[in-house]
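1. Build the 3D model from these lines:
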Amino acid sequence: MTVFRLHCVVCDNSIDYFKYLLANYRSLASPAAHIEVIAHCTDDRSYKIVQEQHLADRAIDVHRRPEFYVYGNRHDVINRLKLLVGGTPKLGGSSGHAAGLNSAFKASGGKGNDGGIDIIADTDTVIVVKDWDVALTKILGEYAIIGTSYEEKGGATSGHGLVQTYKTSPNLTWVAFSSRYPFQQVDASHILWRNMPITTQAQADLYGLKIGEELLRDVGWKIPQFLKEHNATSCILTHTNPESGKCKVLQISNSYNEEFQLGGVPFIVHQRGSRKHAFKSEPLSAPFYAAAEKYLGGL
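-> Presented below is the predicted three-dimensional model:
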């Protein structure tokens, strides 16, 4: 039996999203799926709720684990000081997300002949594939990792500027990966305060950018280098958004939402902004979930 370890970074604002995600995965899995849930909590309140309501098989208090913090980030320096004086740290923004992802990668991997499959999912993603566990088992028999992708240059959010995210590997909005590779070694930390100039063709090829452009070192920016070093192949889900006219799930007007397809078939949809926007009760959230549920109703 293949074990699927489902990792989510959870904050106090995303509890309702997290509950929905769990129901979503369980309802679309095959009867044989064995799912273990690991919540990587970034504040005391989310950690307490996850434990009291038994929402996960394991909860990790990431905000109290400085080994996962982003070094060089001033907010995490403050949180380290809080820990030293017995205070209560609360991780937020990109640094909180990165710390949670570092915890998730560290907790990934299994033992024995079948180490299982790890999934890291933003709480505001919705899987839209029936028997997703069967599909992932097949895909990860061939590839090391499958995941969502950044928008190509010139898109609604990427723009035409010289500063861009990498384009050649999955990002960490949603990824599933095989235990055959040492993903426990991944460092998801960002360096958002300093971009990387692309000065060589080797860099350009690695990140899918051009010489003269700059790499935005957002959360997970080291993924392309990690995959190259370990000769790990990736399957990338195609990024679309509602304004492209190519979405089959998100036939709505909000271009901030994202749909990811595999061979033209929807696989994952992503609301974005779960740390700021209330679940299903704001213009960014309500139409997104209505569209997802309409599509799911036809599966």
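
2. so where do the strands sit in the protein?
-> 3-10, 34-41, 58-61, 117-121, 125-127, 145-147, 163-164, 174-178, 196-197, 214-215, 234-236, 238-240, 258-262, 265-270 (DSSP state E).

3. Any chance of JSON lines for the ones you listed, columns distance to residue 24 and mean pLDDT?
-> No exception for glycine: its C-beta is placed from N, CA and C like everyone else's. Formatted as JSON lines, these follow (distance: least, C-beta to C-beta, whole Å; pLDDT from 0 to 100):
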{"stretch": "strand 3-10", "distance to residue 24": "11", "mean pLDDT": "97"}
{"stretch": "strand 34-41", "distance to residue 24": "11", "mean pLDDT": "98"}
{"stretch": "strand 58-61", "distance to residue 24": "20", "mean pLDDT": "98"}
{"stretch": "strand 117-121", "distance to residue 24": "10", "mean pLDDT": "98"}
{"stretch": "strand 125-127", "distance to residue 24": "6", "mean pLDDT": "98"}
{"stretch": "strand 145-147", "distance to residue 24": "17", "mean pLDDT": "98"}
{"stretch": "strand 163-164", "distance to residue 24": "31", "mean pLDDT": "97"}
{"stretch": "strand 174-178", "distance to residue 24": "12", "mean pLDDT": "97"}
{"stretch": "strand 196-197", "distance to residue 24": "36", "mean pLDDT": "98"}
{"stretch": "strand 214-215", "distance to residue 24": "33", "mean pLDDT": "98"}
{"stretch": "strand 234-236", "distance to residue 24": "21", "mean pLDDT": "98"}
{"stretch": "strand 238-240", "distance to residue 24": "20", "mean pLDDT": "95"}
{"stretch": "strand 258-262", "distance to residue 24": "15", "mean pLDDT": "97"}
{"stretch": "strand 265-270", "distance to residue 24": "10", "mean pLDDT": "98"}
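
4. mind checking which of those is nearest residue 226?
-> Residue 226 sits nearest to strand 145-147 of all the strands of the chain, at 9.7 Å, using C-beta to C-beta.

5. What strands flank the closest one, and is each parallel or antiparallel?
-> With DSSP bridges as the test, strand 145-147 is paired with strand 174-178 (antiparallel), strand 234-236 (parallel).
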